[in-house]
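S.K.: From the sequence below, what's the structure:
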Amino acid sequence: MFSRRSNFDLAESDFAVALHEARRDGELFDLTTSNPTAVGLAPESLSTHFDATTYHPDPLGMPSARQAVADYYCGHGRQIPIGNITLTASTSESYSFLFRLLCDPGDELLIPTPSYPLFDFLATLDHVDLKPYPLLYDHGWQIDLHALEASITPRTRAILLVHPNNPTGHFISSQEREALYRLATQHSLALIVDEVFLDYPLSGTSETFAIPDSPALTFTLSGLSKVCALPQMKVAWISTTGPKDVLNEAQQRLEVIADTFLSVATPPQLALPTWLEHRHVTQQAIRQRTDQNLARLDVLLQGTHITHITRLKLDAGWTAILRVSAFEPDAELATRLIQNHRVAIHPGSFYGLPPQGYLVVSLLPYPEIFEQGVNQLLNGINPINSPSSVG
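M.R.: A predicted model of the protein is given here:
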């Protein structure tokens, strides 16, 4: 009766079971949170006044809402025509639209690893095959460009990038960007660039891929979930740039796909200009929180006698990767930390990191919860308490 693509493995992992039970029982130091509204970082006021009683559907989104997105890119020094902006209900929907735009069933997309695990589900639902390319760490993260190029086949349609990456928190360098443009133009590939964390550099400024004269067809994704810390408002967007001939055809086809669903409700489109205009206050509060927690994390790591845990370098975002000695698989370690030490932290394998030796910590929690959680974490990974030291 049901499709093979919806035959998901719904069994909960031991980690998920332990996390649900700990949250139900309370007294959990949760270092996995990714929702700013859950840790006191929601915008102070969402009040807007508009008349949403009439409906004038536009496949790409209301012009006033798309102009607000164009103004957002002006803040990043880029002039994007509103005709090249498509509104969607989420970044996930943006991905799905683009997978359908670019791929026939069985076509391939190149995706970075480590990265967020959402792509597997989207690709399965849209009959697309994912081919991973590695990110390497050596005093900082970088794309393995040789492995990326070797992964290109006649069925490859696009290179997917996350800028800055989640969870590594690294930006794509200018040298990597030029290499990516070369590969894309040489092999007639599109670039799909997820920039939801673009506004959260640890220092300096960040450069968007939404460049009007991009040498390759480029789809830049972002949305309210991270830009305004409003995941509940369900508005995202695609900015399309590139050579004029292929750009025009891409936008025409994308408009038909968007017109088929018309998924973005009128009220959030009307409110979008106001929300984007006031994003800076919320973004500043989030940056202050992540800076504070990151600094405290470093102090706690430097002050511990445990020598087998280090923080990997990051440039942006809301997470930090910890490298630990591989006493046990990371999923088992994360489960044990919940059960025995009441601290929740993601295993690195959740993001495609090797299955032993990595943990991923959110920098969003309340500072007091964060510090107590990190202390519990350090106590839990002490070699004295590790399974290999018992017996």
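
S.K.: okay, CA-based contacts and neighbour counts for the rest of this
M.R.: OK.

S.K.: shaky segments in the stretch 1-150 of the chain?
M.R.: Along the stretch 1-150 of the chain, segments meeting pLDDT under 70 span 45-53.

S.K.: could you redo the last one with a cut-off of 50?
M.R.: Applying pLDDT under 50 to the stretch 1-150 of the chain picks out no residues at all.

S.K.: Next up, the contacts around residue 214.
M.R.: The contact partners of residue 214, taken as Cα atoms under 8 Å, 6 or more residues apart in numbering, are 241, 242, 243.

S.K.: quick one: the second one from residue 195, how far?
M.R.: In this case it means residue 242. To residue 195, residue 242 is 17 Å away according to Cα to Cα, to the nearest Å.

S.K.: Neighbour count for these two, which is higher?
M.R.: Neighbour comparison, residue 242 and residue 195: the larger count goes to residue 195, with 24 against 21 (by other Cα atoms under 10 Å).

S.K.: Strands along the stretch 1-150 of the chain, start to end?
M.R.: 29-30, 85-88, 108-113, 129-137, 141-143 (DSSP state E, counting those that start in this stretch).

S.K.: Counting neighbours, what do you get for residue 299?
M.R.: 11.

S.K.: just use 29 as the starting number from now, easier for me
M.R.: New numbering, starting at 29: the last item is residue 327.

S.K.: so which helix or strand takes in it?
M.R.: Secondary structure assignment for residue 327, by DSSP states H and E: helix 307-331.

S.K.: Just give the strands next to the next helix or strand after that helix in its sheet, each with its orientation.
M.R.: Next in sequence after helix 307-331, counting helices and strands by DSSP H and E, comes strand 337-339. Sheet pairing of strand 337-339 (DSSP bridges) gives strand 347-352 (antiparallel).

S.K.: Now do the buried residues in whichever helix or strand comes after the partner strand.
M.R.: Moving toward the C-terminus from strand 347-352, the next helix or strand (DSSP H and E) is helix 358-369. For helix 358-369, a neighbour-count test (16 or more other Cα atoms under 10 Å) marks 358, 359, 361, 362, 363, 364, 365, 366, 367, 369 as buried.

S.K.: give the contact list for the third one.
M.R.: Taking Cα under 8 Å, 6+ apart, we find residue 361 in contact with residue 375.

S.K.: try the fifth one
M.R.: With contacts taken as Cα under 8 Å, 6+ apart, residue 363 has the following neighbours: 42, 43, 46, 47.

S.K.: Restricted to helices, list the residues you listed.
M.R.: 42, 43, 46, 47 (DSSP state H).

S.K.: Tell me how far the first one lies from residue 53.
M.R.: Translated: residue 42. From residue 42 over to residue 53 the distance is 16 Å, taken as Cα to Cα.

S.K.: the more surrounded of the two?
M.R.: The residue with more neighbours, out of residue 42 and residue 53, is residue 42; 13 against 9, by other Cα under 10 Å.

S.K.: my read: residue 56 touches residue 371, true?
M.R.: Yes - in this structure, residue 56 is within contact of residue 371 by Cα atoms under 8 Å, at 5.7 Å.

S.K.: Phi first, then psi, for the residue nearest the centre of the chain.
M.R.: Geometric centre of the chain, nearest residue: residue 194, 4.9 Å, by Cα atoms, centre = their mean. Main-chain dihedrals, residue 194, degrees, to the nearest 10: phi -120, psi 110.

S.K.: Please apply the same query to residue 297.
M.R.: According to degrees, to the nearest 10, the main-chain angles of residue 297 amount to phi -70, psi -40.
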